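Asker: sequence plus predicted model, see below.
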Amino acid sequence: MSEATTEQEKTAREAKPPKRRKRRVGGGWHIFVFIAPAVLIYTIFSIYPLVESLRLSLFDGLDDGSAVWNGLGNYVTLLFNPTWATQFWNALWNNLILFFIHMVVQNPIGLLLAALLSLAPRFGSTYRTLIFIPTLLSVVVVGFIWELILSPLWGVSETLLGAVGLAWLYQPWLGLESTALTTVSLISVWQYVGIPMMLIYAALLSIPDELIDAARVDGLNGWWIFWKVKLPLILPTLGIVAILTYIGNFTASFDLIYSIQGALGAPNYSTDVMGTLLFRTFFGQQLQIGDIHMGATIASMMFFIILIGVTIYLVLVQRRLQRYEM
Amino acid sequence: MKHMMKMTTATVALCFASGGVLAQDATLTIESWRAEDQAIWDDVLIPAFEASHPGIQVDFAPTAPTEYNAALNARLDGGTAGDLIVCRPFDGSLALYQRGHLADISDLDGLDNFPDFAKAAWQTDDASASFCVPMASVIHGFIYNADAFAELGIEEPGTVEEFFAVLDTIQQDGTYTPLAIGSADQWEAATMAYTNIGPTYWNGEEGRQALIDGSAKFTDPQYVRPFEVMERWADYMGRAFQAQGYTDSQNLFTLGRAAIYPTGSWEIGGFNDQAFFEMGAFPPPVEAEGDTCYISDHTDIGIGMNTATDNPEAARAFLEWIASAEFAQLYTNALPGFFSLSNAQFEVEDPLAQEMISWREECESTIRVAHQILSRGEPNTWNNMWTVSANVFNDAATPAEAAAALQQGLEAWYEPQQN
């Protein structure tokens, strides 16, 4: 956020004489030394597996365990064979719903909490810790707790609703096709709302007091200071939060859904996401024998979908965001 | 230690010297997913084997069930897998055989002790080669709270209508949830409902084979009827059963809050520990008095030999022992509810297990309909069966729609069904 990149400055920087750039490269060998460990680790644990799974997706497995070149055949199967295409589009659609729910519920709540915390209320740090703790819990624990809370047999949700005269509202939410995905999404929101809250909170704290004081002197009240001064300053952070939500929606959603609803995204595939589809295809599910090539194809499609989403964000949104020196 | 080493070497040398007949100072490692059986293997089964086979040591080394397939594959490919491989039924093990990891053991004498349907789970499709010895099956049926039955003055139902009359009585009394089964985890709907009561309608093996050879379709009435019965079950299942999972149902029953538990025999061990009331069991009710009853006697566990083993002779000796009457007796009683598939006579001590295994005499046995061949393609018939069975309970599909979905999925890739 400290980097000033208004249009004029950008042009000014690009117009600088090449001489200086040359000198930088010549004396910059230490840069490579410093980034080498990161590049090495990143290559071994991220880039190599990615390339390998892209490679796997271009082959087809045979009964004896060997593989033959299949070109883009697996992708054609995934997108056009009715069996695979139904599952694929259903999973992708569910992922988009999940993303939507996180965007309209998790991130605004995160923003609200951060805004409240930045006012330094009493016990602020206690709230901050309490709200952030679920993020650190294992999804299996979170899934199990919520399954119990919502259970028709042992759960407290019905009793609690009954205490305020709303027992008739109770439904086995996790078991109904119409509500299962929303319920799982909200559980995930409960768990992860601490992350956008912390990111936004940090951004809010970095706004210099002088700006706020100046706005106050100009006659703005707290409400307008938030909308006119703070919010524009933290927009880049909100952008980062959005993109993290988008990526997390494809990667992090899997564990929770797998632990609560199983690998088939019960009931009736209504909570099936790309992650669960990938999992059962790659590793197998009961009598379905794992197919690493088809699994790699789904994984690669997830990679492309994330890549497209991030690219769109970088090209259309990030570049237009006004950044301010503070 | 050094001394022991010397002794071992000496023994080996002695064995070789004596013509190699007993050249078996070997250690065998068993790969299994049944980690909960560790104590039974260590305390009962392995000592019994070692007592009759001096010179062979056996080591039971299980992996967690969810990791078993992947871990075993990795070890087989890397050449570090154990000598003996506990086999899942049908295609999972068939794939291992086709990849050359499981040895062909068709010439094992002990295999003659098993009926054909038991061996079929670990054979090539044409039954020309066997690669695992059948160890145990699980039998489906219904376990009930006998105290509750006595209290309400009801008896084990024999026919479907009696079954529903019993459910009505329990429902009207209101003390107990009539049926302890939910649809949240889906697999119980397929396993403990559809493939439990289904064989009664499609005549067991006859109907299963008819689907495999293409002469019958899932949309035929005998495959739709079980779904129609299941649709009626929904009225007697716990309130909000849509969010009731497998462990919920188990607890509901063992806490004495439900009267009838549609089941598999593997529950016996756990239920004996947890339930504080008398239990009884009855097989799936028949349509009319006097009809033949059918049970799902599902081949669940086998054991085979790693082709890469260093001790093939010892491994074969172990497999012969697994096929013996001694093992059948020991295993079935150590793990009540896992029934040896052997033709040998053996005594079952647990009363509930005794009741369930006695159905083999009264009823015709078959296995789960989706497991052989029919779940080989995509969409997977067994996965489909989970989903559509739960859909029938949830009222998300009519019986006809559920059957049509199964048939459509099967026709998509299974040639005999495409004409």
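Answerer: Now that the structure is in, tell me what you want to look at. Numbers count the residues shown, from 1 in each chain, chains lettered A, B, ... in the order given.
Asker: OK, contacts around the nearest residue to residue B:419 once chain neighbours are set aside?
Answerer: Sequence neighbours aside, residue B:214 is the residue nearest to residue B:419 in space, at 6.7 Å (criterion: Cβ to Cβ, 6 or more residues apart in numbering or on different chains). For glycine as for every other residue, the C-beta is placed from the backbone atoms N, C-alpha and C. Going by Cβ atoms under 8 Å, 6 or more residues apart in numbering or on different chains, residue B:214 touches B:414, B:415, B:416, B:417, B:419.
Asker: which SSE is the residue of the stretch 1-150 of chain A found nearest chain B in?
Answerer: Nearest to chain B in the stretch 1-150 of chain A, going by Cβ to the nearest Cβ, is residue A:65, at a distance of 4.4 Å. Using DSSP states H and E, residue A:65 sits within no helix or strand.
Asker: so which of the contacts of residue B:214 is the most crowded?
Answerer: residue B:417 (20 neighbours; other Cβ atoms under 10 Å in any protein chain shown).
Asker: tell me the pLDDT of that residue.
Answerer: At residue B:417, the pLDDT value in this model is 92.
Asker: wait, it touches residue B:215, no?
Answerer: No: using Cβ atoms under 8 Å, residue B:417 makes no contact with residue B:215, being 9.8 Å away.
Asker: hang on, the earlier thing: which residues are in contact with the closest residue to the residue of the stretch 1-150 of chain A closest to chain B other than its chain neighbours?
Answerer: Distance criterion Cβ to Cβ, 6+ apart; nearest residue to residue A:65, sequence neighbours excluded, is residue B:99 at 4.4 Å. If a contact means Cβ under 8 Å, 6+ apart, then residue B:99 has A:63, A:64, A:65, B:76 as its contacts.
Asker: around chain B, pick out the residues from the stretch 1-150 of chain A.
Answerer: By Cβ under 8 Å from any Cβ of the partner chain, the part of the stretch 1-150 of chain A that sits against chain B consists of A:63, A:64, A:65, A:82, A:83, A:84, A:147, A:150.
Asker: ok, 7 Å please
Answerer: A:63, A:64, A:65, A:83, A:150 (Cβ under 7 Å from any Cβ of the partner chain).
Asker: tell me how many other residues surround the last one.
Answerer: Spelled out, it's residue A:150. Neighbourhood size, residue A:150 [other Cβ under 10 Å]: 23.
Asker: which parts of the stretch 51-200 of chain A are helices?
Answerer: With DSSP state H, counting those that start in this stretch as the criterion, the stretch 51-200 of chain A has helices at A:73-80, A:82-101, A:107-118, A:124-136, A:139-150, A:157-163, A:180-192, A:194-205.
Asker: average model confidence for the shortest one?
Answerer: Average pLDDT, helix A:157-163: 88.
Asker: packing partners for it?
Answerer: Contact partners of helix A:157-163 among helices and strands, from 3 or more Cβ pairs under 7 Å, 6 or more residues apart in numbering or on different chains; DSSP states H and E: none.
Asker: how about the last one?
Answerer: Counting contacts by 3+ Cβ pairs under 7 Å, 6+ apart, the secondary-structure elements packed against helix A:194-205 are helix A:107-118, helix A:124-136, helix A:231-251.
Asker: surely residue B:228 is in a helix?
Answerer: Yes: assigned with DSSP: H, G, I helix; E, B strand; the rest coil, residue B:228 falls within a helix.
Asker: what sits against it?
Answerer: Residues in contact with residue B:228 (Cβ atoms under 7 Å, 6 or more residues apart in numbering or on different chains) are residue B:399.
Asker: gap between it and residue A:278?
Answerer: Distance of residue B:228 to residue A:278, computed by Cβ to Cβ, to the nearest Å: 36 Å.
Asker: and what of residue B:360?
Answerer: Taken as Cβ to Cβ, the span from residue B:360 to residue A:278 is 42 Å.
Asker: same check on residue A:47?
Answerer: 19 Å.
Asker: number of residues surrounding the closest residue to residue A:162 other than its chain neighbours?
Answerer: Nearest-residue entry for residue A:162: residue A:170, 7.9 Å, with adjacent residues in sequence omitted and distances by Cβ to Cβ, 6+ apart. Burial of residue A:170 is recorded as 18 neighbouring residues (other Cβ under 10 Å).
Asker: pLDDT at residue A:170, what is it?
Answerer: Reported pLDDT for residue A:170: 89.
Asker: what residues are up against it?
Answerer: Taking Cβ under 7 Å, 6+ apart, we find residue A:170 in contact with A:157, A:158, A:161.
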